[in-house]
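*Asks:* how would this look folded up:
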Amino acid sequence: MNIEFTDAGMVVPDNLTVGYIDGDGIGPEITKSMIDVVNSAIELAYGGDKSIEWQKILIGAEAYEKLGTYMPEDSIKEIKKIAVIMKSTLNIMPDNRDINSILRKRIGLYSNIRVIEYIEGMDTVINTFNRLKLAVIRDSLPGIHVFYHASESTDELIKFIMDNYDINITQDAEVYMATQSRFRARKIARHAIEYCKENGNTKITIVENHYGSEFAQWCKEEISKQDDVKYETIKVRQFMKNLLSSPENYEVVLMDNVLSGTFIDYLMGAINIEYGSSIGDECAIFEAVQSSLPSEAGYDVADPLSFILSGTEMLMHIGWKDAAKIIKNAISSAFKDNKIPKDLTSRTGITAIKCSEFSSEIIKRMSGSK
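*Replies:* Numbering: from 1, shown residues only. Next up is the predicted model:
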């Protein structure tokens with residue numbers, strides 16, 4: 001059964017249909033691990049009263065092999081109908097377009113969430129980050145356009161800018177253009193409010209660029225309409241300084257895409273765990289935040305952690321919070337016992353375990369994590 005959307009909100013049936021995109025490269029392996037873990041947690045949490053019926057949706061290389069297109073119309077319709085989707089890793093398209101961005105645009109997703117979280121038992125190179133759990137909310141479309149210097153269209157753009165604006169650009173330059181819609185910024189801010197309420201967060205932090213991006217102002221205008229949500233605005237330099245000393249003071253952060261890309265890359269250098277989703281008015285896609293790594297496909301060496309954690313985000317979204325808690329506690333227990341996938345093995349003398357072994361180790365520890 002599918003989710004229903006009413007004036008009162010989202011109605012989730014006890015036997016819920018969730019779509020999944022198997023993905024390319026290591027995608028099918030980490031998808032199986034995610035499904036096994038999520039199913040086990042639901043069974044333990046609800047004793048058969050709740051369940052997920054998984055429905056495969058063809059997107060990516062498999063869709064092209066079978067149907068001659070990377071994004072079949074029937075698949076797009078099915079995603080919109082089911083409304084809750086788990087999406088594994090997808091290859092860049094042959095013409096170098098990002099299939100993830102194209103999919104988000106086709107489905108009408110506007111808000112992208114990236115969660116960077118310390119889980120007890122893992123390692124971090126910054127000691128204070130053992131208190132870090134941060135949800136960065138931004139536009140689901142990059143909005144960053146690059147015009148390379150060798151292109152004829154770049155020459156035309158440079159000429160147009162120099163002829164119409166008081167800006168001097170040399171002919172050997174490349175041009176970066178960042179765009180942000182006021183309409184989308186306000187929708188993203190409204191979603192940040194909903195996310196706070198769903199996850200029990202108490203405050204939204206709006207991070208301002210030093211060059212005066214209007215994104216922060218538009219978010220502030222929208223959030224200030226809500227009396228029951230606390231918010232603050234802060235310049236990026238002060239935010240980074242505060243985050244290093246007191247990360248627990250920040251929960252949900254709104255950033256424009258120029259800031260957020262660099263910021264998330266920085267955090268990933270300290271805590272190599274990132275997961276998340278892209279959200280629209282009704283449809284939500286929960287994503288494996290990692291490369292498809294075709295060279296590793298079929299060897300059972302992939303790290304499924306990001307996709308499993310995105311599975312917990314999906315469970316939180318539909319209100320099955322007990323199952324999400326069981327998974328996170330079991331992951332922590334596995335870390336403490338040195339049962340660690342390859343992307344996180346920084347401990348001396350520890351051998352990374354296989355993809356299928358990691359999901360089995362999580363499931364094994366669930367009974368003590370309820």
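*Asks:* what comes up buried for the lowest-mean-pLDDT helix or strand in the chain?
*Replies:* Counting by mean pLDDT, DSSP states H and E, the chain has its least confident helix or strand at strand 144-147, which shows a mean of 84. Buried residues in strand 144-147, counting neighbours by 16 or more other CB atoms under 10 Å, are found at residue 147. Backbone N, C-alpha and C define where each C-beta goes, glycine included.
*Asks:* what does it contact?
*Replies:* The contact list for strand 144-147 (CB atoms under 8 Å, 6 or more residues apart in numbering) reads 153, 154, 157, 174, 175, 176, 177, 178, 179, 257, 258, 261.
*Asks:* in terms of helices and strands, where is residue 260?
*Replies:* helix 257-270 (DSSP states H and E).
*Asks:* for the next helix-or-strand element following that helix, packing partners?
*Replies:* Proceeding C-terminally, helix 257-270 gives way to strand 274-279 as the next helix or strand, assigned by DSSP H and E. Counting contacts by 3 or more CB pairs under 8 Å, 6 or more residues apart in numbering; DSSP states H and E, strand 274-279 packs against strand 111-117, helix 257-270, strand 284-287, helix 305-317.
*Asks:* just want the angle from strand 274-279 to helix 305-317.
*Replies:* 50 degrees (axes from the mean of the first three to the mean of the last three CA atoms, to 10 degrees).
*Asks:* partner strands of strand 274-279 and their direction?
*Replies:* strand 111-117 (antiparallel), strand 284-287 (antiparallel) (DSSP bridges).
*Asks:* among these, which is the most enclosed?
*Replies:* The highest mean neighbour count among the strands paired with strand 274-279, using mean count of other CB atoms under 10 Å, belongs to strand 284-287: a mean of 26.
*Asks:* leaving out chain neighbours, which residue sits closest to residue 61?
*Replies:* In space, residue 61 comes closest to residue 24 once its chain neighbours are excluded; the distance is 4.6 Å by CB to CB, 6 or more residues apart in numbering.
*Asks:* got a pLDDT number for that neighbour?
*Replies:* On pLDDT, residue 24 comes in at 95.
*Asks:* now the one 10 residues further on
*Replies:* Residue 34 is assigned a pLDDT of 98 by the prediction.
*Asks:* now, which of the contacts of strand 144-147 sits nearest residue 138?
*Replies:* residue 257 (5.5 Å; CB to CB).
*Asks:* hang on, the closest one packs against residue 136?
*Replies:* No. The criterion here is CB atoms under 8 Å, and residue 257 misses it with residue 136 at 10.5 Å.
*Asks:* with neighbour numbers in mind, choose between the two.
*Replies:* Using other CB atoms under 10 Å, the more surrounded residue of residue 257 and residue 136 is residue 136, with 24 against 19.
*Asks:* so what does that one look like in phi/psi?
*Replies:* phi -100, psi 120 (degrees, to the nearest 10).
*Asks:* ok, back up a step: packing partners of the helix holding residue 260?
*Replies:* strand 111-117, strand 133-139, strand 144-147, helix 236-245, strand 274-279.
*Asks:* contacts for that helix next, please.
*Replies:* 114, 116, 124-126, 129, 132, 134, 136, 138-139, 142-144, 178, 180, 207, 209, 213, 236, 240, 255, 274.
*Asks:* just the buried members of those residues?
*Replies:* 114, 116, 124, 129, 132, 134, 136, 138-139, 142-143, 180, 207, 209, 213, 236, 255, 274.
*Asks:* among the strands paired with strand 274-279, which is nearest residue 81?
*Replies:* strand 284-287 (13.2 Å).
*Asks:* send the alpha carbons of the closest one over as CSV?
*Replies:* What follows is strand 284-287, C-alpha atoms only, in CSV (Å, rounded to 0.1, in the frame of the first residue of the first chain):
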residue,chain,number,x,y,z
ALA,A,284,11.1,11.7,-1.0
ILE,A,285,14.2,9.9,-2.3
PHE,A,286,16.7,8.5,0.3
GLU,A,287,20.1,8.2,-1.2
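*Asks:* what's the distance between it and the middle of its chain?
*Replies:* Taking CA atoms, centre = their mean, to the nearest Å, one finds strand 284-287 lying 7 Å from the centre of the chain it belongs to.
*Asks:* can you list the residues that contact it?
*Replies:* Residues from elsewhere that reach strand 284-287, judged by CB under 8 Å, 6+ apart: 79, 83-87, 100, 103-104, 107, 109, 275-279, 307, 310-311, 313-314, 317.
*Asks:* equivalent analysis for stretch 272-279, please.
*Replies:* 104, 109-119, 122, 135, 140, 191, 264, 267-268, 284-289, 305-307, 309-310, 313-314, 317, 343-344.
*Asks:* and the residue most central in space within the chain, what are its bridge partners?
*Replies:* Most central in the chain under CA atoms, centre = their mean is residue 276, positioned 2.4 Å from the mean C-alpha point. Beta-bridge partners for residue 276, by DSSP bridges, are residue 114, residue 287.
*Asks:* now do it against residue 306, distance only.
*Replies:* Separation of residue 276 from residue 306 (CB to CB, to the nearest Å) stands at 9 Å.
*Asks:* any residues in contact with both of these two?
*Replies:* Common neighbours of residue 276 and residue 306 (CB under 8 Å, 6+ apart) are residue 289.
*Asks:* rewinding a little: take the contacts of strand 144-147 and keep only those in strands.
*Replies:* 175, 176, 177, 178 (DSSP state E).
*Asks:* could those residues be laid out in CSV, adding distance to residue 227 and pLDDT?
*Replies:* Formatted as CSV, those follow (distance: CB to CB, whole Å; pLDDT from 0 to 100):
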residue, distance to residue 227, pLDDT
175, 43, 89
176, 39, 86
177, 38, 85
178, 33, 84
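*Asks:* measure residue 312 to residue 13 for me?
*Replies:* 20 Å.
*Asks:* wait, I meant residue 297
*Replies:* Residue 297 is 35 Å from residue 13, by CB to CB.
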